[in-house]
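Enquirer: Requesting a structural model of the entry that follows:
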Amino acid sequence: MFNLDATVDKNKAKNMNPVVLAYIGDAVYSLYTREKLTFFSDLKVNDLHRLASSEVKASSQAEFADILMPVLTEEESDIFRRARNAKKTTKAKNATVAEYNKSTGFEALLGYLYIIGEHDRLNFLLNYKNAE
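Expert: This is a model prediction of the structure:
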């Protein structure tokens, strides 16, 4: 049986393929964005989808990553850099290579924090853009 609150040891998480961390982080950020839009608006599903899509696209994630860089720990910066520089088997549809690489780093960081159970830190970073 698997639990949604299961965690991975930090050392194991650090050694995971950074693109796999980004895969998890993509889902984390998508759920965060959908919940935020749903809980704080009274929009119809089509409008929610349009807003969520604009927030989770690679270029928006790259901008968010730039905002977060000054507050990342050394460990978080390492995770971000490893994923940003990792070889990817897919290409961005509507983003530059640089934006796509940054968004992969951003997603990997979120995935890493999620799987090691650092939910307080994850929430801090996800809400940092709004706290500026």
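
Enquirer: helix or strand for the closest residue to Arg121 other than its chain neighbours, which one?
Expert: Excluding the flanking residues, the one nearest Arg121 by C-beta to C-beta, 6 or more residues apart in numbering is Leu113, at 5.6 Å. C-beta: built from backbone N, CA, C; applies to glycine. Using DSSP states H and E, Leu113 sits within helix 97-115.

Enquirer: Does anything pack onto that helix? Which helices or strands?
Expert: Contact here means 3 or more C-beta pairs under 8 Å, 6 or more residues apart in numbering; DSSP states H and E; on that basis helix 97-115 packs against helix 10-14, helix 18-39, helix 58-68, helix 74-85, helix 119-131.

Enquirer: Helix 119-131 and that one, what's the angle between them?
Expert: Interaxial angle of helix 97-115 relative to helix 119-131 (axes from the mean of the first three to the mean of the last three C-alpha atoms, to 10 degrees): 140 degrees.

Enquirer: if we look at stretch 102-114, which residues are touching it?
Expert: 13-14, 18-26, 28-29, 58-59, 61-62, 64-66, 68, 72, 76, 79-84, 86, 88, 92, 95, 119, 121-122, 125-126 (C-beta atoms under 8 Å, 6 or more residues apart in numbering).

Enquirer: Repeat the analysis, applying 7 Å as the threshold.
Expert: 13, 18-19, 21-26, 28-29, 58, 61-62, 64-65, 76, 79-81, 83-84, 86, 88, 95, 121-122 (C-beta atoms under 7 Å, 6 or more residues apart in numbering).

Enquirer: What's the local residue count around Ser77?
Expert: Neighbourhood size, Ser77 [other C-beta atoms under 10 Å]: 14.

Enquirer: what about it, distance to Lys57?
Expert: With distances taken as C-beta to C-beta, to the nearest Å, Ser77 is found 23 Å from Lys57.

Enquirer: Grab the nearest non-local neighbour of the residue most central in space within the chain.
Expert: Nearest to the mean C-alpha position of the chain, counting by C-alpha atoms, centre = their mean, stands Glu107 at 3.0 Å. Nearest residue to Glu107 in three dimensions, chain neighbours excluded: Gly25, at 3.5 Å (C-beta to C-beta, 6+ apart).
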